[in-house]
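Q: Sequence unavailable; structure follows:
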């Protein structure tokens, strides 16, 4: 037995309450699967702060600097042309390109980082074996507990009063 | 929501400021242009908050969302106070001759027909009066109607008319200070900075509370970016076009005292809010928003002074500071006491 247990809930509020209770009981290997983002879950599961934002900011700034350097090089050194008496280093026009490439690089980094962070190249996950798990992308709110030796009955007893739709072990 | 700052002394302060300005007008008749320019900058700033509130109410009538319900106690008195600007605009309408060069020299309008049909004192007064009446009627309808198809229709039609009215107001009040200068982006830029002003005002009064603070933070960030984007693209197009009559407007405002005024304004209402609102934790915190808001509003006020004051000389800056105090005092004192009290029972009836 893998020890992976799944508890399904009807709404995000109960899931958050269940996650808090499981964490306070000292269970390890907690995770949640929801159809949409539930902001309170990060705190309830004590998930580490994602490090994606600083990476996105860095990528955006680097791309903006690179594009500004590219514009500056081509206009000042590569092809210095006098266009209506404007200075070679026409920073107002360069700023637009730099800003937009910065936004583009930051968002592409965000997308790629998100997919990598959620383990995308790996196409399988043990929870997919659970029956009815597809509802996690529709209207099901799942709490996953990966604690070796934990019986479903004990988890159900812990979640007593929260009314989970089901508590079961996932067969590998 | 907590009451707007300085609500207690607002009305006496406003009356004193107005009295001092009136006295200055009597003692130094030569200072009339500076005083009128100062009053215009103050009007643009406070009317901007009220118009931004009106536009936000109309947008919320169409989109819905938690933020609009939460901000309503702040936005409703601000939008409902729009009729107040009819008397507040009187000093401006009475001093058209000293402020706008086209009053004395109609040939500045470029074409005799423009001067005859559009750019003349009677037309200016008519358009300003009509625009203020339109906004007052829109605010009254939006505050009185129940949420439903009728209110949504008023909001949709109102937003279209609002865009036209703000553009005309911007052309008349600000751009016609230099009759040769025109910029099609100016109206939209004014409109977005009004939205920003109203959002900052709501943040200052802590209108959002805990649950809508994240929405308000996001809206503030978007409005800051929008205002910067429109202001910069207007500058970029004129810089690239490099035409004398347009460049002259920026050259006058790029000279020594004015350049520093706008640099300070960009720092306070552009860079500072971007840096504060970028980290999610600060953006969602009502306390951080409330601490940021006065600086943001000060930056917007400086921007209005930068638009108007170069037409009347450096003495219009102290006049603008005093007029901002006077108009603001009158506005806060009248809008947030009697009006809020009058609007509150209506809101409670609706909620019940």
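A: Structure received. Everything numeric in this text was worked out from a predicted model, so none of it was measured. Residues are numbered from 1 along each chain as shown, chains lettered A, B, ... in the order given.

Q: Could you give me the buried positions within the helix or strand of chain A with the lowest mean pLDDT?
A: Lowest on mean pLDDT, DSSP states H and E among the helices and strands of chain A sits helix A:152-158, with a mean of 77. Neighbour-count burial for helix A:152-158 flags A:155, A:156, A:158 (criterion: 16 or more other C-beta atoms under 10 Å in any protein chain shown). (Glycine included, C-beta is placed from N, CA and C.)

Q: How many residues are close by the closest residue to residue B:242 other than its chain neighbours?
A: The shortest distance from residue B:242 to any non-neighbouring residue, by C-beta to C-beta, 6 or more residues apart in numbering or on different chains, is to residue A:84 (5.9 Å). Other residues within reach of residue A:84, judged by other C-beta atoms under 10 Å in any protein chain shown, total 7.

Q: The residue nearest the centre of chain A: which element?
A: Most central in chain A under C-alpha atoms, centre = their mean is residue A:114, positioned 5.1 Å from the mean C-alpha point. Taking DSSP states H and E as the criterion, residue A:114 maps to helix A:91-117.

Q: List the contacts of the helix or strand that that helix is followed by.
A: Counting by DSSP H and E, the next helix or strand C-terminal to helix A:91-117 is strand A:141-146. Where contact means C-beta atoms under 8 Å, 6 or more residues apart in numbering or on different chains, the residues beyond strand A:141-146 that reach it are A:2-12, A:14-15, A:18-19, A:22, A:27-35, A:38, A:127, A:133, A:136, A:155.

Q: now, which of those residues lie within helices?
A: A:12, A:14, A:15, A:18, A:19, A:22, A:155 (DSSP state H).

Q: ok, these vs chain B, which is closest?
A: residue A:12 (15.2 Å; C-beta to the nearest C-beta).

Q: Look up how far residue B:224 lies from the residue of chain A found nearest chain B.
A: Across chain A, the shortest distance to chain B (C-beta to the nearest C-beta) belongs to residue A:92, at 4.9 Å. According to C-beta to C-beta, to the nearest Å, residue A:92 and residue B:224 sit 20 Å apart.

Q: quick one, which of the two is more surrounded?
A: Higher neighbour count among residue A:92 and residue B:224: residue B:224, with 25 against 16, using other C-beta under 10 Å.

Q: The more buried one and residue B:274 touch, don't they?
A: Yes. Using C-beta atoms under 8 Å, residue B:224 is in contact with residue B:274, at 6.0 Å.

Q: Can I get the ones in helices among the contacts of strand A:141-146 in a markdown table including distance to chain B?
A: As requested, the ones in helices among the contacts of strand A:141-146 are exported to a markdown table (distance: C-beta to the nearest C-beta, whole Å):
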| residue | distance to chain B |
| --- | --- |
| A:12 | 15 |
| A:14 | 20 |
| A:15 | 19 |
| A:18 | 23 |
| A:19 | 21 |
| A:22 | 26 |
| A:155 | 32 |
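
Q: Of these, which one scores lowest on pLDDT?
A: Within the ones in helices among the contacts of strand A:141-146, the minimum per-residue pLDDT falls on residue A:155 (78).

Q: wait, what's in contact with that one?
A: Per C-beta under 8 Å, 6+ apart, neighbours of residue A:155: A:5, A:7, A:22, A:145, A:167.
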